[in-house]
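A.B. asks: next come a sequence and a model predicted from it.
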Amino acid sequence: MKAAEFRQLSEEDLKSKIRNLEENLFRLRCNKTIGQLEDTSALKQARRDIARAKTILGEL
């Protein structure tokens, strides 16, 4: 997601989005550990999305 898309969300929606992104990152890490992760760049993208969302949340 882009920063503009995060800015359109309310504070509660943004917090729930962060929670969902963190759960997704956990699943990606588990899949990497057991060797089922096909796209390793998904980890990097997930971390960046979480950081982007937390930055926007800090601006509110």
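C.D. replies: Now that the structure is in, tell me what you want to look at.
A.B. asks: any idea how far Ala46 is from Ile34?
C.D. replies: From Ala46 across to Ile34, the span is 17 Å (CB to CB, to the nearest Å). Just so you know, the C-beta spots here come from the backbone N, C-alpha and C atoms, and that holds for glycine as well.
A.B. asks: these two: who's more crowded?
C.D. replies: Ala46 (18 against 7; other CB atoms under 10 Å).
A.B. asks: who are the contact partners of that one?
C.D. replies: The neighbourhood of Ala46, defined by CB atoms under 8 Å, 6 or more residues apart in numbering, consists of 21, 24-25, 28.
A.B. asks: quick one, helices of this structure?
C.D. replies: 3-7, 11-34, 41-59 (DSSP state H).
A.B. asks: now the ones you listed in TSV, with mean pLDDT?
C.D. replies: Shown next, in TSV, are these (pLDDT from 0 to 100):
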stretch	mean pLDDT
helix 3-7	90
helix 11-34	96
helix 41-59	95
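A.B. asks: which one is Phe6 nearest to, not counting chain neighbours?
C.D. replies: Closest residue to Phe6 apart from its sequence neighbours, by CB to CB, 6 or more residues apart in numbering: Ile56 at 4.4 Å.
A.B. asks: the one you found contacts Ala3, doesn't it?
C.D. replies: Yes. Between Ile56 and Ala3 there is a contact under CB atoms under 8 Å: 6.4 Å.
A.B. asks: the more surrounded of the two?
C.D. replies: The neighbour comparison of Ile56 against Ala3 (other CB under 10 Å) goes to Ile56, with 21 against 11.
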